[in-house]
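Q: Quick check, what structure comes out for this input:
(2 chains)
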Protein chains: 2
Amino acid sequence: MEIKVIHQILEWNEDHSNEIKKHLTDKGVTMINVMGSPGAGKTSLITALIARLRAEYKIGVIEGDIAGKIDAETIASLGIPVVQLNTDGACHIEAMSIEHILPDFDLDALDLIFVENIGNLVCPAEFNIGESARLAILSIPEGDDKVAKYPLMFSTTDALALNKYDMLPYFDFDPVRVESDARDANPNVAIYPVSARTGEGLDALVDWVKAQMNQD
Amino acid sequence: MEIKVIHQILEWNEDHSNEIKKHLTDKGVTMINVMGSPGAGKTSLITALIARLRAEYKIGVIEGDIAGKIDAETIASLGIPVVQLNTDGACHIEAMSIEHILPDFDLDALDLIFVENIGNLVCPAEFNIGESARLAILSIPEGDDKVAKYPLMFSTTDALALNKYDMLPYFDFDPVRVESDARDANPNVAIYPVSARTGEGLDALVDWVKAQMNQD
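A: Numbering: from 1, shown residues only, chains lettered A, B, ... in the order given. Model (predicted):
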């Protein structure tokens, strides 16, 4: 019974996701679904990418949170259009929520939307939200066993950012293991060691974002 | 419709949780529900607590994971009875799963069970699993905004371990803010700055575990 209901929800979600993707393609807007654990550095990385992309592209952000608007305030302070999406306890964003929120943006004036999903390595991976591409963030302090332990997240992402890479000397984290596990999960994944704080590695990740835009 | 189903699941879960709690109390077994983000250090902290408690108490572990058995192998290598609970994608452990697993332990020969919940700051907080007490772990690299952003987890926990406290110099983390947010969420929460790696602060957390056992 429970499984059947969840199956229906996922099918229904997929229909909405396809509608959103078609709509955004028509408008020439690329949407990146940014996912990762609480504290992996999603907001920091989005902020760092915006700083490097905003001269060239018009950018908007959808900030997903269980509650509150801490991250949306951070983005708004940059002068970037942002909409807060509170899930009221749910551990993921669904496509229908995105559909409800998109009219809050002037899509004709945007090139790129970052969606910061709920901090969670499990549920967000199950729900397509009409994104052009997925960017998963794993931070060094989380440990090098996470790709093996959360397979759906890392098998479904298009790119993997290894964030807080400047902290590598302080943690027992084997990047070779993580890259190997990530390529086992998804041979086509693009992997970027980065530090949102120091800027290390961000140029390559910026190029990946641009490549997603050129595909539209 | 979806909300009604979820409500029924939660009520049904609560019944099972109460049954488990009664059964464990009859057997004189204390069960600690250990929760936190992926990479917060749940397995490391459980391992460090076991090292300090095993001379005095008989301990078992239930390892919750989406998939795989990495953590269960770590615990088994210590010579501690451990049962792997794979949720096959679900982001939390439910009471019924614990009920199914408890017969795998000889409860008459145990004093204490640690349950390592799924790495997640959202869903596990919604489900009582018959635990005597909850221990939430927040690690320094995750950032000091997490208590405010994941209110249910931190308002329902009995104790909060601030793990990887030895990393405080390397991260922008204000422990005063976290303690204040945590006490706002739950005035009775016990807060322990610890490092599973260095052993810092663990004696106080061990005393908290022992206090939970004396309550039974």
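Q: mind checking which helix or strand the residue sitting nearest the centre point of chain A is in?
A: In chain A, the residue lying closest to the centroid (C-alpha atoms, centre = their mean) is residue A:34, at 0.6 Å. In this structure, residue A:34 is located in strand A:30-36 according to DSSP states H and E.
Q: Quick check: residues of chain A near chain B?
A: A:1-2, A:5, A:9, A:37-39, A:65-68, A:70, A:89-91, A:118-123, A:126, A:139, A:141-143, A:145-146, A:148-152, A:164, A:167, A:170 (C-beta under 8 Å from any C-beta of the partner chain). Bear in mind the C-beta positions are built from the backbone N, C-alpha and C, glycine included.
Q: Filter these down to the buried ones, ChimeraX style.
A: Selection of buried members from these for ChimeraX, criterion 16 or more other C-beta atoms under 10 Å in any protein chain shown:
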select /A:9,37,38,39,65,66,68,90,91,118,119,120,121,122,123,126,139,141,142,143,145,146,148,149,150,151,152,164,167,170
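Q: Please narrow the residues of chain A next to chain B to those residing in strands.
A: Counting by DSSP state E, the residues of chain A next to chain B place A:65, A:139 in strands.
Q: Just confirm the residue nearest to the centre of chain A contacts residue A:115, I think it does.
A: Yes: the criterion here is C-beta atoms under 8 Å, and residue A:34 meets it with residue A:115 at 6.3 Å.
Q: that older thread, could you pull out the buried residues of the helix or strand following the strand holding residue A:34?
A: Scanning forward in sequence from strand A:30-36 by DSSP H and E, the next helix or strand is helix A:42-53. For helix A:42-53, the buried set under the neighbour-count rule, 16+ other C-beta under 10 Å, comprises A:42-50, A:53.
Q: of these, closest to residue B:17?
A: Of all the buried residues of helix A:42-53, residue B:17 sits closest to residue A:42, with 32.7 Å by C-beta to C-beta.
Q: Touching, that closest one and residue A:118? I think so.
A: No: Residue A:42 is beyond contact range of residue A:118, at 9.7 Å (criterion: C-beta under 8 Å).
Q: Make sure residue A:60 is indeed in a strand.
A: Yes: assigned with DSSP: H, G, I helix; E, B strand; the rest coil, residue A:60 falls within a strand.
Q: I figured it hits residue A:110, correct?
A: Yes: checked against C-beta under 8 Å, the pair residue A:60 and residue A:110 is within contact range at 5.0 Å.
Q: For those two, indicate the residue with more neighbours.
A: The residue with more neighbours, out of residue A:60 and residue A:110, is residue A:60; 24 against 20, by other C-beta atoms under 10 Å in any protein chain shown.
Q: related to what we said a few turns ago, joint contacts of residue A:60 and residue A:110?
A: Taking C-beta atoms under 8 Å, 6 or more residues apart in numbering or on different chains as the contact rule, residue A:60 and residue A:110 both touch residue A:81.
Q: List the contacts of stretch A:37-47.
A: Identification of contacts with stretch A:37-47 by C-beta under 8 Å, 6+ apart yields A:34-36, A:61, A:63, A:71, A:74-75, A:78, A:114, A:116-117, A:119-121, A:137-139, A:142, A:146, A:161, A:163-164, A:194, A:196-197, B:37-39, B:119, B:121, B:139, B:141-143, B:146, B:149-150.
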